[in-house]
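Visitor: sequence and predicted structure below; questions after.
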Amino acid sequence: MDADEFKQRTKRFALDAIVLVGELPGGKVSEVLGRQLLRSATSVGANYRAAARAQSPAQMLAKLSIVEEEADESLYWLELFVETGIIPAGRAQPLRKEASQLLAMTVASKKTLRARATSPARRQSSIVNRQSGPPGVPTR
């Protein structure tokens, strides 16, 4: 999956959460939990977009960590909705599944990014100065 497809999935996740919150029954608990879910679910996509514009691997990792946290937090609010009986498990299941998948893909992306940043090929440049020769070889 490329970055644009992931952006679309995170946006769809946010839109689906917005619809779910709009369908919630009235009441203080629904209102508070709904606000929390809206905040975390919309943050997933917003922070992924920021990660895609990162100016360094470290900045990208930081933003992806926020994406990971917010996707996991969205799962938490959905679990509370179901466990309190505010919404049936079947209604929450598609959103829970998508949040889990987004979470897993984000964790995998972070692992890949870390591996690339610490790979031996990245630690030493392969560029050779033709005048001085390769590293470790004395010049004339």
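Guide: Sure, I can see it.
Visitor: from here on, contacts and neighbour counts on C-alpha atoms
Guide: Noted.
Visitor: I86: what secondary structure?
Guide: Three-state assignment for I86 (DSSP: H, G, I helix; E, B strand; the rest coil): coil.
Visitor: which strands and helices lie in contact with the one helix or strand A108 maps to?
Guide: A108 belongs to helix 89-118 when assigned by DSSP states H and E. Packing partners of helix 89-118 (3 or more Cα pairs under 8 Å, 6 or more residues apart in numbering; DSSP states H and E): helix 3-22, helix 57-83.
Visitor: now do 7 Å
Guide: With contacts taken as 3 or more Cα pairs under 7 Å, 6 or more residues apart in numbering; DSSP states H and E, helix 89-118 sits against helix 57-83.
Visitor: residues contacting the residue positioned nearest the centre of the chain?
Guide: The residue lying closest to the centre of the chain (Cα atoms, centre = their mean) is V67, at 3.1 Å. Each residue near V67 by Cα atoms under 7 Å, 6 or more residues apart in numbering is listed here: V44, N47, Y48.
Visitor: the first one contacts D72, correct?
Guide: What that stands for is V44. No: here V44 lies out of contact with D72, judged by Cα atoms under 7 Å, at a distance of 9.6 Å.
Visitor: what's in contact with stretch 87-101?
Guide: For stretch 87-101, using Cα under 7 Å, 6+ apart, the contacting residues are A71, S74, L75, L78, F81, V82.
Visitor: is it true that Q55 lies in a strand?
Guide: No: going by three-state DSSP, the assignment for Q55 is coil, not a strand.
Visitor: against L64, how distant is it?
Guide: 13 Å (Cα to Cα, to the nearest Å).
Visitor: follow-up on the earlier one: out of the contacts of V67, the closest to E31 would be?
Guide: Of all the contacts of V67, E31 sits closest to V44, with 20.3 Å by Cα to Cα.
Visitor: quick one: contacts for the closest one?
Guide: Residues counted as contacts of V44 (Cα under 7 Å, 6+ apart) are T10, V67, E70, A71.
Visitor: thinking again about what came up before, which of the contacts of V67 fall in helices?
Guide: V44, N47, Y48 (DSSP state H).
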